[in-house]
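In: prediction below, plus the sequence it came from.
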Amino acid sequence: MTEPFVALVTGAGSGIGRATTLRFVRAGARVLAVDLNEAGLTETSRLAGESEAVALLVKDVTADDAPSAAVAAALAQFGRLDWLVNNAGIGNAKAADQTSDAEWDRYVDINLRALFRFSREALPHLAPGRGAIVNLASVFGLFGHPRVAPYAATKAAVVGLTHQMAADYGPKGIRVNAVAPGVIETALTRERIDTDARFQALNIDPIPFPRLGRPEDVANAIYFLCSEEAAYISGHVLAIDGGWSVT
Ligand code: NAD
């Protein structure tokens, strides 16, 4: 019998990371769920029925020892590592002239540098032929949009790094893909959806499909890209945006 797949999911205490954890568990996989939000992680575990398939690690992904601690925890808990989902991220950025050095650095540290460091730590452990990384990009990394400068810059860099890692690790039997969500209803977008009329007009009206995205829409795509159903897909950036990016 094939051993269950083991995943490391960052930002698993909310939104897309939580939905991905639950999707993986439903598929029979094991998950090391990482987040700095302990209460959020506990809720993810509760929603997974407090299953032994989910282990929790409360950690800021930007901490120096976060990648090594997370990979070590996955190996100690489940004995192997197959999938890495680099999901932890922050949003709600501003235009370039409104962005301080400290804000810029914060976006780069969380959305890009941590993703690179987790990938570097996990790659030597990912099993050839089973190993897969899925990075969280964004449609804002694919096309221009007002008032998201540091966010969009990090997400465009995530697309570039996804292409490069696919080229470098494909020969080793490891696939690297990204998803580029549009507007998904999570804690990250909730406040702006509720309160920012300009955000509503700019972000929602042009979406052809007549609803916002749900975390489960993204989680299903992440699961597909990790699964053996996607065995020959690597270096791909899959938009999950109700058709927004092509209209
Ligand atoms: P969310 O705010 O619901 O969840 C993000 C999770 O990441 C939270 O639990 C948070 O605690 C965690 N996190 C943030 N910084 C962290 C850190 N330094 N260390 C550890 N954990 C940290 O957001 P979401 O909408 O689920 O976003 C998940 C990913 O999807 C992000 O990378 C985001 O950029 C991307 N994304 C979201 C949307 C959207 O519309 N929601 C669109 C495009 C891309």
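Out: Received it, and whenever you're ready, just let me know what you need. Owing to the predicted nature of the structure, the values given are computational and were not obtained by experimental measurement.

In: could you point out which element follows the least confident helix or strand in the chain by mean pLDDT?
Out: Between all helices and strands in the chain, the lowest mean by mean pLDDT, DSSP states H and E belongs to helix 197-203, at a mean of 61. Once helix 197-203 ends, the next helix or strand along the chain (criterion: DSSP states H and E) is helix 215-226.

In: elements contacting the next helix or strand after that following helix?
Out: Using DSSP H and E, the helix or strand that directly follows helix 215-226 along the chain is strand 237-240. Other helices and strands packing on strand 237-240, by 3 or more C-beta pairs under 8 Å, 6 or more residues apart in numbering; DSSP states H and E, are strand 175-181, helix 215-226. Placement of C-beta: from N, CA and C, glycine included.

In: anything in strand 237-240 sitting right up against the ligand?
Out: No: counting by C-beta under 6 Å from any ligand atom, the ligand has no neighbours in strand 237-240; the shortest distance is 8.5 Å.

In: on that earlier part again, of the helices and strands packed on strand 237-240, which is nearest residue 89?
Out: Residue 89 lies closest, by C-beta to C-beta, to one member of the helices and strands packed on strand 237-240: strand 175-181, at 10.5 Å.

In: for the residue nearest the centre of the chain, what are its contacts?
Out: With distances taken as C-alpha atoms, centre = their mean, the residue of the chain nearest its centroid is residue 87 (2.2 Å). Going by C-beta atoms under 8 Å, 6 or more residues apart in numbering, residue 87 touches 9-12, 16-17, 20, 136.

In: give me that answer again for 7 Å
Out: Contacts of residue 87 were listed using C-beta atoms under 7 Å, 6 or more residues apart in numbering, and they are 9-11, 16-17, 20, 136.

In: out of those residues, which one sits closest to residue 144?
Out: Of the contacts of residue 87, the one sitting nearest to residue 144 (C-beta to C-beta) turns out to be residue 136, at 19.4 Å.

In: leaving out sequence neighbours, find the closest residue to the closest one.
Out: Closest residue to residue 136 apart from its sequence neighbours, by C-beta to C-beta, 6 or more residues apart in numbering: residue 87 at 4.8 Å.

In: pLDDT score for that neighbour?
Out: The model reports residue 87 with a pLDDT of 98.

In: that one and residue 243: what is the separation?
Out: From residue 87 across to residue 243, the span is 23 Å (C-beta to C-beta, to the nearest Å).
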